[in-house]
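My questions are about this predicted structure, shown below with the sequence.
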Amino acid sequence: MEAIWEVFNSDAGTGLVLGLISLVFGFVKSVSWVKERNFATAVQALEVGVQDTYENYVKGIKAGREDGKLTEVEKIKARQMAIDTAKAWAMSNGVDILKLVAKEYLPVLVEKLVKRSKTLGGLAKTVLPLSPEVPPLTSSDVS
């Protein structure tokens, strides 16, 4: 036991302890970075899902209607289609959306993206990376 204490009191021991602390700090920061990157991928997947659903489902319905509006049932179906597309796209990019965002919150995020798209005049302006004047959705938007 005394030998171990002598090692920690030496310059080499101090370097070892500082190195271990740095290693732990680096690991914690990298885990945090991976979570944020995965969340950004999940948001991008939802954006892809919304865009794909708009192009392949919503646009056709709007074009075929005088008022250009979807019924409530069609809106629900569109949201689910966007979520399903997003899940598939995210999985193909190595991210499981359901591990990052609660299943019940996915329609809320889709709705936020749709509203942002309408406000900005098109989803192309919301896809990651966003312009500096438009803040991206972050993990705090999910909390």
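Received the coordinates, thanks.

which stretches of the protein form helices?
Assigned by DSSP state H, the chain shows helices spanning 2-9, 11-53, 59-63, 72-92, 97-100, 106-120, 139-142.

how far away is Ile83 from Tyr54?
14 Å (Cβ to Cβ, to the nearest Å). C-beta here means a position set from N, CA and C on the backbone, and glycine is covered the same way.

circling back to that earlier point, make CSV from the helices of the chain and add mean pLDDT to it.
Converted to CSV, the helices of the chain look like this (pLDDT from 0 to 100):
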stretch, mean pLDDT
helix 2-9, 65
helix 11-53, 76
helix 59-63, 92
helix 72-92, 93
helix 97-100, 87
helix 106-120, 86
helix 139-142, 52
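
want to throw these into TSV with mean neighbour count?
Formatted as TSV, these follow (neighbours: other Cβ atoms under 10 Å):
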stretch	mean neighbour count
helix 2-9	9
helix 11-53	15
helix 59-63	12
helix 72-92	17
helix 97-100	16
helix 106-120	17
helix 139-142	13
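
Ramachandran angles for Asn93?
For Asn93, the backbone dihedrals (degrees, to the nearest 10) come out as phi -110, psi 20.
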